Structure formats: C-alpha cells, structure tokens
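Student: let's see this in three dimensions:
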Amino acid sequence: MASTPTQYDSFQRQAANLTPADRLPLDSPYEISNELYGLLRKVLHDLGGQPDTPVPFTEKGEEDWEMNTYLTCECLGWRGVWNSEERRRRENDLGATQYFGLPYYARWITTAAKALVDRGLITTDELGRKMDEVRARLEGQRS
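Tutor: Numbers count the residues shown, from 1 in each chain. The predicted structure follows:
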C-alpha cells in the first residue's frame, strides 16, 4: 500500500535544501594544519570567545508548545528512550543551519523525533500523519 505524501514529507524536502554542503573527508589526521586541527576541536554549540553583537535581554515566558516539548523529552528519558546527554549530543549534531536556525525547544523536539525514528519506535509516515492531525486540530481551534 503506497503512502500519500504528507506535509512532513514536504518539510523534509525543504529542510534537506537548508543543510550545509557535503564535506570532503580528510586524508590523514597527521597531515592537517594546526589551524584546521583547532577548528575540528571546536564543537558547534561552544561559542565562548567568539565575537558577537550585543543582544538585549528580554524576559520571555514559555509558550505551551515549549513546555509540552520539555515534558515530552523528559518522559522519553523516564521511559528509557534516551537520556539528557544523548539529547544534547543529538542537538549538537544537527549542524550549523538547524542548530542556529531553530528556536531552543524546536531543536529538542526535532532531535526527539529523530531519536524515535532511529530506534524504530515510529516511522516517518506515522510521524507525518500525526503532525498533520495535530496541525489540523490546532487550525480548527483558531477558526
């Protein structure tokens, strides 16, 4: 039975166009420059010492979806799907485009979905159908 494309499939195609270009593998770790070695040692989320423009601090309360995301991720940990270290590692592995392009809790829920799919607990089709169902329900509440 062929599945019909979902909005999630469309999102996946769009997100694929945002990912950084493929990289070329290095020949030998003994042949790289000190400068490149320094870059390789720097992890994506470690911004200490990097220049930035001043950003005003604004107090912001959490939105419902953010608290629901936090609770979902905590429940996944409680159920043994993952732990906080894996969540952080998966978040760091998103790549610069998604890491810096997504809000804080959107990175959490993105990595949660990926962990569930990677472990075979859900399929991308099931995830897409559920996302479409929730989106339709929320749009119905707004009308």
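
Student: between the two ends of stretch 93-113, how far is it?
Tutor: 14 Å (C-alpha to C-alpha, to the nearest Å).

Student: what comes up buried for it?
Tutor: 94, 98, 102, 105, 107-113 (16 or more other C-beta atoms under 10 Å). C-beta: built from backbone N, CA, C; applies to glycine.

Student: now that stretch: mean pLDDT?
Tutor: Stretch 93-113 carries an average pLDDT of 89.

Student: thinking again about what came up before, tell me which of the buried residues of stretch 93-113 fall in helices.
Tutor: 98, 105, 107-113 (DSSP state H).

Student: look through this protein and tell me its longest helix.
Tutor: helix 124-142.

Student: remind me what that helix packs against, helices and strands.
Tutor: Here helix 124-142 touches helix 7-16, helix 104-118, going by 3 or more C-beta pairs under 8 Å, 6 or more residues apart in numbering; DSSP states H and E.

Student: export those to CSV and append columns for distance to Arg88.
Tutor: Listed next are the helices and strands packed on helix 124-142 as CSV, based on distance: least, C-beta to C-beta, whole Å:
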stretch, distance to Arg88
helix 7-16, 21
helix 104-118, 9
